[in-house]
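**Q** structure for this input, please:
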Amino acid sequence: MTFGLIGWLKSQHPEIDYEIPVWYPGKDQPDNREWLIANGMGGYSMGTVSGAHTRRYHAYLSAALTPPVSRRIIFPGVEEMITIDGVDYELACNYWASGVVSPTGYKRLDCFTMLPTPTWVFDLGGHYLVKRLCMPYGTNQLQMGYTFLADPDAANPDVKLTIRMLVGFRDIHNTIKGSSDDRYPQFVSQNQSLIILNEAGNRLCLTWNSGKYEPLKQWWWDYNWPEESTRGEPDHEDLFLVGRLKASLTADKEYTVGASFEDVVSAPSCHAAVGETVKRHNALIRRASLPRSSKSDMLVLACDQFIVPDAFDKQDKRGRRLGDLNERLSVLEGYPWFNDSGRAALMSLPGLTLTTRRFSDAKAILRTYAGRKREGVVANRTIDPLSPFASFVEPGLEYNAVDVSLWFAHALYSYYRVTKDKELVLELLPSLLETFKCFSSATVSGIGVDASDGLLRSGQADNGMTWMDCKVEEIPITPRAGKAVEINALWYSFLESILYLSEESNFSLPARDQIKTMASTVKTSMQKFWNAELNCLYDVIDEERFANRENYSRDFRSEGADSALRPNQLIAVAMPFRAFNLEQEKQILAIVESVLVTPMGVRTLSPTDSQYQGSYGCGFQHADRYHRDLSYHQGTAWTWLTGTYIEALINVFGSGEDTVARVKLLLQPLTAHLTEEACLGAMSEIFDGSRPHLAKGCPAHAAATAACMRWLGWQLRQ
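**A** Model (predicted):
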């Protein structure tokens, strides 16, 4: 008989005001769909339904040393065994380098949910064990709760729980090799707590309600992380068993173990932590004020995971912000490996914060990126000293993209259209003017206006300053230096946004005439992108660069334009201010729909192109970073581009019944993805461009989540 998980959870937390999805894993093989909890500081807890870790990034507790970056695995996890009247039941599941899967606790898994927190129910022959994990928001803590539910026909079973504690302090991108050293000294106190230190003096603190702890100090060798094997990354690791905790369980009474980075958690209570999580969930869903649906509720909660503190705001030594907590915020691009990103923050702002009515958070994000600027260029990425890319650049901020500054204007425009907050517009308009001045006078390396046509040229042969920025051995995979179509669509909308916002806010605009003239010139010059042969837009135009085509394998047109069919032209139709006429926009949408749109995203290159890669990783079973980068923007379908396509549809065809129905059809496979594959309750970054469009890349992606949230919210509100 299947356990009634929803009823049990609501008996524990009657205040739950949203639908709880439940999954029933099969017994034939481990269910390796993922779950994720984020703590609002860049830290997370992440694993799989089966309990097996399949990525080097999986851990019960990962903490950001400088929130939201410099993330480290603090507590990889535990392995449990429950003994009932002398019979042992192993609950864990591991992959080993030998190919063996052991133990096989997944075979006893009855059901699972990730709301309100990850919860497993194990079937123990008429008895049940409910296991819960909870990461209290705003803390580097994890609570593990175990509740034994006895078979009503059984007579007072004797129940003991054994928890084996595994540690492995490291940054999230690395793996650990064991040694003969006892590298993790531990200190057991008399008040049911354990402190474990690493080489740098960082502390993992474990506390429990009751029980007996026994130090063991053993290396467990050769764990295998299958997802890393698929990605061509280091996939073996050793973990250190510091000891085991044994406790007797009483029926219907939760037993809790608390784990924390630095601070000891006194009197841990998973039940209380889950209760606080439910309150937060209810508040977020109510604030969004959307017509209720299980998918919209799930997306509202998913959006919350990406909003994090600004790494360069003032913090104490434990990463806690000093002063106003809402003053500076950023957006984590994705879990588990991406840092915060200017592009992700500003592109995602409408979906993450405006659809969900988190207006103060939107304001804090805008203020953050107004302050992350150099010579008019808004920073694109935070460079983490622990990142595998840190050897190439200095830790700090990376100013290597032209579009982020332009997305800033779009985000501010979107914010104002919803909030009518003239005060913030007046505060931030000078930042837009600084960008205009720097770009139009060509004072920024690699970025400048062509005085002959007003179009914005960006990038050089050896760099990538658009969102298609992958390089292999420092050579761009998609060389787009010149006048890129989406950059100039953003540039035109940027100019018109300044004029609109200054008029709305009564801002005295000293360069009004210059900006109006520039906008008019750019609008006219945008016709240079029109490809009359295909009735769509060229991806890049640059007469000088394409005059010498020795370094390019594609057959560029003689007038100096890249005719590759890519989705970047959608942005020219999706902006609030657009340069093309309605008939041209309809033709653009027609060819994009027929060639690039898939059920799971929009392809980055036409399948008929000789450079097309329909499988992320170029079809290799164990695709390393080189082959993943080769295919990243060469046919792979991106989820967030579906949102851009939807916005373009609404701009062209209006918001009538036919458009609403069309949007609903476009969103159905994506919202189904939330509950069917990859990371449950999250949106994947990318999918294979060719069928069957398998989910790939980052399993919980900010821009993908924001796009689905924004347009599902729009659809529900029609």
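
**Q** stretch 52-59 - what's its average pLDDT?
**A** For stretch 52-59, mean pLDDT rounds to 99.

**Q** domain parsing for the chain?
**A** Domain assignment for the chain by automatic domain parsing gives 5-278, 289-717.

**Q** can you redo those as TSV with mean neighbour count?
**A** Where you see a C-beta, it was placed from the backbone N, CA and C, and this is true even at glycine. Below are those laid out as TSV (neighbours: other Cβ atoms under 10 Å):
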stretch	mean neighbour count
domain 5-278	19
domain 289-717	20
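
**Q** worst average pLDDT in those domains?
**A** When the domains of the chain are compared on average pLDDT, domain 289-717 comes out lowest at a mean of 91.

**Q** chain center to that one, what's the gap?
**A** Centre-to-centre, domain 289-717 and its host chain are 15 Å apart (Cα atoms, centre = their mean, to the nearest Å).

**Q** repeat that for stretch 71-87.
**A** Relative to the mean C-alpha coordinate of its chain, stretch 71-87 is positioned 28 Å out (Cα atoms, centre = their mean).

**Q** same check on stretch 169-187?
**A** From the chain centre to the centre of stretch 169-187 is a distance of 28 Å (Cα atoms, centre = their mean).

**Q** name the residues that touch it?
**A** Contacts with stretch 169-187, where a contact means Cβ atoms under 8 Å, 6 or more residues apart in numbering, come from 56-57, 59, 62, 70-74, 167-168, 194-200, 202, 204, 215, 217, 219-221, 234, 236-240, 242-243, 336-337, 386-388.

**Q** give me that answer again for 6 Å
**A** Under the criterion Cβ atoms under 6 Å, 6 or more residues apart in numbering, residues 56-57, 62, 71-73, 167-168, 195-198, 217, 219, 221, 234, 237-238, 240, 242, 386, 388 lie in contact with stretch 169-187.

**Q** and if you look at stretch 426-438?
**A** Against stretch 426-438 from outside (Cβ under 6 Å, 6+ apart): 370, 375-376, 405, 409, 412, 444, 498, 505, 507.

**Q** next one: stretch 573-592
**A** 489, 492-493, 496, 523, 526, 535-536, 569-570, 644, 647-648, 652.

**Q** rerun at 7 Å
**A** Contacts with stretch 573-592, where a contact means Cβ atoms under 7 Å, 6 or more residues apart in numbering, come from 413, 489-490, 492-493, 496-497, 523, 526, 530, 534-537, 567, 569-570, 572, 644-645, 647-649, 651-652.

**Q** again, but for stretch 56-65
**A** Identification of contacts with stretch 56-65 by Cβ under 7 Å, 6+ apart yields 41-47, 70-77, 133, 140, 142, 172, 175, 225, 228, 234, 237, 259, 261, 319, 336-337.

**Q** which ones among these are found in strands?
**A** Here DSSP state E is the test, and the contacts of stretch 56-65 give 44-47, 70-75, 77, 133, 142, 237, 259, 261 as lying in strands.

**Q** which two of the residues you listed have the greatest separation?
**A** Maximum pairwise distance in those, criterion Cβ to Cβ, is 23.3 Å, between Ser70 and Leu133.

**Q** end to end, how far does stretch 202-213 reach?
**A** 21 Å (Cα to Cα, to the nearest Å).

**Q** what of stretch 686-702?
**A** End-to-end distance of stretch 686-702: 12 Å, with Cα to Cα as the criterion.

**Q** one step back: please tabulate the contacts of stretch 426-438 in a markdown table and include secondary structure and distance to Glu657 as additional columns.
**A** As requested, the contacts of stretch 426-438 are exported to a markdown table (DSSP: H, G, I helix; E, B strand; the rest coil; distance: Cβ to Cβ, whole Å):
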| residue | secondary structure | distance to Glu657 |
| --- | --- | --- |
| Ala370 | helix | 40 |
| Glu375 | coil | 48 |
| Gly376 | coil | 44 |
| Ser405 | helix | 38 |
| Ala409 | helix | 33 |
| Leu412 | helix | 32 |
| Val444 | strand | 46 |
| Ile498 | helix | 35 |
| Ser505 | helix | 36 |
| Phe507 | coil | 39 |
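
**Q** and the two most separated of those?
**A** Among the contacts of stretch 426-438, Val444 and Ser505 lie farthest apart (Cβ to Cβ), at 26.5 Å.

**Q** start to end distance for stretch 201-213?
**A** Taking Cα to Cα, stretch 201-213 runs 22 Å from one end to the other.

**Q** got the contact list for that stretch?
**A** Identification of contacts with stretch 201-213 by Cβ under 7 Å, 6+ apart yields 74-75, 165, 167, 169, 188, 192-197, 243, 245-247, 255-266, 268.

**Q** how about a cut-off of 6 Å?
**A** Outside stretch 201-213, the residues that reach it (Cβ under 6 Å, 6+ apart) are 74-75, 188, 192-197, 243, 245-247, 255-260, 262, 264-265, 268.

**Q** tell me the gap between it and the middle of its chain.
**A** Distance of stretch 201-213 from its chain centroid, counting by Cα atoms, centre = their mean, is 31 Å.

**Q** now Tyr57: how far from Ala700?
**A** Tyr57 sits 11 Å away from Ala700 when distances are taken as Cβ to Cβ, to the nearest Å.

**Q** pick out the residue nearest the middle of the protein.
**A** Centre of the chain computed as the mean C-alpha position; nearest residue by Cα atoms, centre = their mean is Gly334, 2.2 Å away.

**Q** so who does it touch?
**A** Residues near Gly334 by Cβ under 6 Å, 6+ apart: 698, 700-702.

**Q** can you pick out the most distant pair from those residues?
**A** The span of the contacts of Gly334, defined through Cβ to Cβ, is set by Cys698 and Ala702 at 9.0 Å.

**Q** look up how far Gln584 lies from the residue of the chain most remote from its centre.
**A** Centroid-distance maximum for the chain: Ala155 at 48.5 Å, with Cα atoms, centre = their mean. Going from Ala155 to Gln584 by Cβ to Cβ gives 79 Å.

**Q** same check, this time on Gln192
**A** Plainly put, Gln192 is 71 Å away from Gln584 if you go by Cβ to Cβ.
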